[in-house]
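1. Fold the following, please.
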Amino acid sequence: SIQMDQKKFRIPQHIQIDSISPATRLLEMRKDMYEEQEAFEKKKETFKTSEDTFKRRENELREKDLKIQESLIKFSKYLEENEMKKKKAEERKNNEEKEIKARKASIDDLDRQYNELVEKSNRIEK
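-> Residues are numbered from 1 along each chain as shown. Sure, this is the predicted structure:
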């Protein structure tokens, strides 16, 4: 009947609030509190979901980073091994070039000696 009275004529707002019983006000405050608590719990759950997503993404990135680091280490070792192989090959090449020069010098010397002996032989035969 109070609602019917309010519909028939407008009761000023301050009078309407004063006419609400303390129990009704308490129930309305509780309802508001529960709604706020529910909204807070939803935000908390959303935050927790976001946090879990970020943690999972962070772990994925950490794993990728470790794999990249491992790849870099392997690549670095590969480069070092190739550099060592290159140095050994250059050293071998230099040694072989020295050996070729020495053998050529020896061949030239033996050639010279042979030619001298051939000349000597020719002089003796004549």
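2. what's the burial count for residue 119?
-> For residue 119, the count of nearby residues is 10 (other Cβ atoms under 10 Å). Using the backbone N, CA and C atoms, a C-beta is placed for each residue, glycine as well.
3. again, but for residue 25
-> Counted with other Cβ under 10 Å, the neighbours of residue 25 add up to 11.
4. just checking, what's the longest helix in this structure?
-> When every helix of the chain is counted residue by residue (DSSP state H), the longest turns out to be helix 22-125.
5. Give me the distance between that one and the centre of its chain.
-> Taking Cα atoms, centre = their mean, to the nearest Å, the mean C-alpha location of helix 22-125 is offset from the chain mean by 13 Å.
6. mind showing which ranges of this protein have poor pLDDT?
-> In the predicted model, the chain carries pLDDT under 70 at residues 1-19.
7. Could you measure from the most centrally placed residue in the chain over to residue 78?
-> Within the chain, one residue has its C-alpha closest to the average C-alpha position: by Cα atoms, centre = their mean, that is residue 65, at 3.0 Å. Taking Cβ to Cβ, to the nearest Å as the measure, residue 65 falls 20 Å from residue 78.
8. go on, residue 100?
-> Plainly put, residue 100 is 32 Å away from residue 78 if you go by Cβ to Cβ.
9. Also residue 54?
-> The value you get for residue 54 to residue 78, if Cβ to Cβ is used, is 36 Å.
10. again, but for residue 84
-> Applying Cβ to Cβ, the value for residue 84 to residue 78 is 11 Å.
11. swap in residue 26?
-> Counting by Cβ to Cβ, the gap from residue 26 to residue 78 is 76 Å.
12. Check residue 71 too.
-> Here the distance between residue 71 and residue 78 works out to 10 Å (Cβ to Cβ).
13. just residue 94 next, same as before
-> The spacing between residue 94 and residue 78, counted by Cβ to Cβ, is 25 Å.
14. next one: residue 109
-> In this structure, residue 109 and residue 78 are 46 Å apart, going by Cβ to Cβ.
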